[in-house]
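Chemist: I'd like to go over a predicted model; first the sequence, then the structure.
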2 protein chains.
Amino acid sequence: MKRAVQKRTLETRARLVAAAETLVADKGYEALRVEEVVLKAGVAKGTFFAHFRDKEALMDQLIGARIDGFLDEIETLPPPRDVAALVAAIEPLMRFMTCERYVFDIVLRHSGAALTEEIGPIASTFGRYDQVVSGWLAGSSFRRDVSPGLLAEGVQAFSVQAMALHFCALHSDRNMTHRLAEYLEAWLMPKTT
Amino acid sequence: MKRAVQKRTLETRARLVAAAETLVADKGYEALRVEEVVLKAGVAKGTFFAHFRDKEALMDQLIGARIDGFLDEIETLPPPRDVAALVAAIEPLMRFMTCERYVFDIVLRHSGAALTEEIGPIASTFGRYDQVVSGWLAGSSFRRDVSPGLLAEGVQAFSVQAMALHFCALHSDRNMTHRLAEYLEAWLMPKTT
DNA sequence: AGCAAATAGTGACCATGGTCAATTTAAAAG
DNA sequence: CTTTTAAATTGACCATGGTCACTATTTGCT
């Protein structure tokens, strides 16, 4: 027989998340230790793993929540008229995703859902992202020879590429958006003869 | 005063790599344990870390070597005339990179060099890959409105995307190459009106 | 209320990657 | 050949994520 989740459960979970968020705000994602989280939340270590499969599951949730926040912002924007506007729209999100190498690694690892039924927070945001960009591209002045869905996947692929290159010392910080703009210009507005 | 590397050093390193390769061949990359490697190589644990910064550095080397092998093959091929040929050429490499999720994660994490001077084996192979594809695209019948270098970066971005989606249960195994073909058709031969 | 079943929480314990002061070995100097 | 010095090796030790048998609590039933 199945029972409803107890209030206690929600509280504990909330305390764990709150503790983790505080610690992250203080020292960043990479420095987060499960030990510190449970200490701050006032629960035993085992409890943590009763709520999260592993440390990454917590990260998935924390980071996914942040990404969702950025997507909320993005959704309020009008459809971009050109590549520059598109890049400007998603720049804050990209900045967050590359705020730490560790964060970017986690985002990458979770961007594709591991299993169909087990779509995590970050994987969901990628779906949302695709949705938003598809919508933008559907009624735009960008190329029309391929579907908006495919176009959006391409935007995602190039965004990831631009972020990945951001971590090479060769390519300096502010080049990330320039690089993306160059990619998207070629992707969304090919000038083939 | 600096001294030349001792023969002993090379031998030890070779034994470590050989032991690791055997173990990987037997149980795969993810199951590799440092403990087992040093046991098989007949050295102490500390010795391992005197030769490799961490376990990932070993993985970088092992996987990088394999990728180089695939690139050797690829380089013997004639420049592909169309997208299908291009995809067919790089398919074996993609298959290897996605043979384990763990392998793909490592490849991703190392594909961009961490520091300019610290370009690891995998990062080098990505440079080589770009080189090869650029060469192919330079004198081809694909689009010419953007540089071969940029085109090659796009091929890389789409390859990564296709491989990443490969791990979603939604997209079945043999769809990886189809997906890539679709991307590259749109990327390399845009039919904009 | 009192009991039974399901759920939540605990903390000692384990697995494994990684460190480092001490030791051994090889090469150069005298 | 001895001494000196740099390099290589060692293994006890640590850090940290993760497990699990056991205890505690809540919920539903009679």
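Modeler: Thanks, I have it.

Chemist: low pLDDT regions in chain A?
Modeler: Where chain A drops to pLDDT under 70, the residues are A:1-2, A:113-117, A:169-174, A:193.

Chemist: how about the residues of it by DNA strand C?
Modeler: A:1-3, A:5-6, A:8-9, A:11-12, A:43-47, A:49-51 (C-beta under 7 Å from any atom of the strand). To be clear about C-beta, it is placed using only N, CA and C from the backbone, and glycine gets the same treatment.

Chemist: if we use 6 Å, what do you get?
Modeler: Counting by C-beta under 6 Å from any atom of the strand, chain A comes close to DNA strand C at A:1-3, A:5-6, A:8-9, A:12, A:43-47, A:50.

Chemist: how's chain A carved up into domains?
Modeler: Domain segmentation of chain A under automatic domain parsing yields A:1-52, A:56-188.

Chemist: tell me which of the ones you listed sits most buried.
Modeler: Burial of those is given as mean neighbour count (mean count of other C-beta atoms under 10 Å in any protein chain shown); domain A:56-188 ranks first at a mean of 18.

Chemist: which parts of chain A sit against DNA strand D?
Modeler: Near DNA strand D, when you scan chain A using C-beta under 6 Å from any atom of the strand, you find A:3-4, A:6-8, A:33-35, A:45-46, A:49, A:54-55.

Chemist: turn the residues of chain A next to DNA strand C into JSON lines, columns for secondary structure and distance to A:Glu75.
Modeler: Output for these, formatted as JSON lines (DSSP: H, G, I helix; E, B strand; the rest coil; distance: C-beta to C-beta, whole Å):
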{"residue": "A:Met1", "secondary structure": "coil", "distance to A:Glu75": "41"}
{"residue": "A:Lys2", "secondary structure": "coil", "distance to A:Glu75": "35"}
{"residue": "A:Arg3", "secondary structure": "coil", "distance to A:Glu75": "37"}
{"residue": "A:Val5", "secondary structure": "coil", "distance to A:Glu75": "30"}
{"residue": "A:Gln6", "secondary structure": "coil", "distance to A:Glu75": "35"}
{"residue": "A:Arg8", "secondary structure": "helix", "distance to A:Glu75": "35"}
{"residue": "A:Thr9", "secondary structure": "helix", "distance to A:Glu75": "31"}
{"residue": "A:Thr12", "secondary structure": "helix", "distance to A:Glu75": "32"}
{"residue": "A:Val43", "secondary structure": "coil", "distance to A:Glu75": "36"}
{"residue": "A:Ala44", "secondary structure": "coil", "distance to A:Glu75": "40"}
{"residue": "A:Lys45", "secondary structure": "helix", "distance to A:Glu75": "39"}
{"residue": "A:Gly46", "secondary structure": "helix", "distance to A:Glu75": "39"}
{"residue": "A:Thr47", "secondary structure": "helix", "distance to A:Glu75": "36"}
{"residue": "A:Ala50", "secondary structure": "helix", "distance to A:Glu75": "35"}
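
Chemist: now do the helices in chain A.
Modeler: In chain A, the segments counted as helices under DSSP state H are A:7-27, A:34-41, A:45-51, A:55-76, A:83-97, A:101-111, A:121-138, A:148-166, A:175-188.

Chemist: out of the residues of chain A next to DNA strand C, which two sit at the greatest distance?
Modeler: With C-beta to C-beta as the measure, no two of these lie farther apart than A:Met1 and A:Lys45, at 29.8 Å.

Chemist: picking that back up, closest one of the residues of chain A next to DNA strand D to DNA strand C?
Modeler: Closest to DNA strand C out of these is A:Gly46 (1.7 Å), distances taken as C-beta to the nearest atom of the strand.
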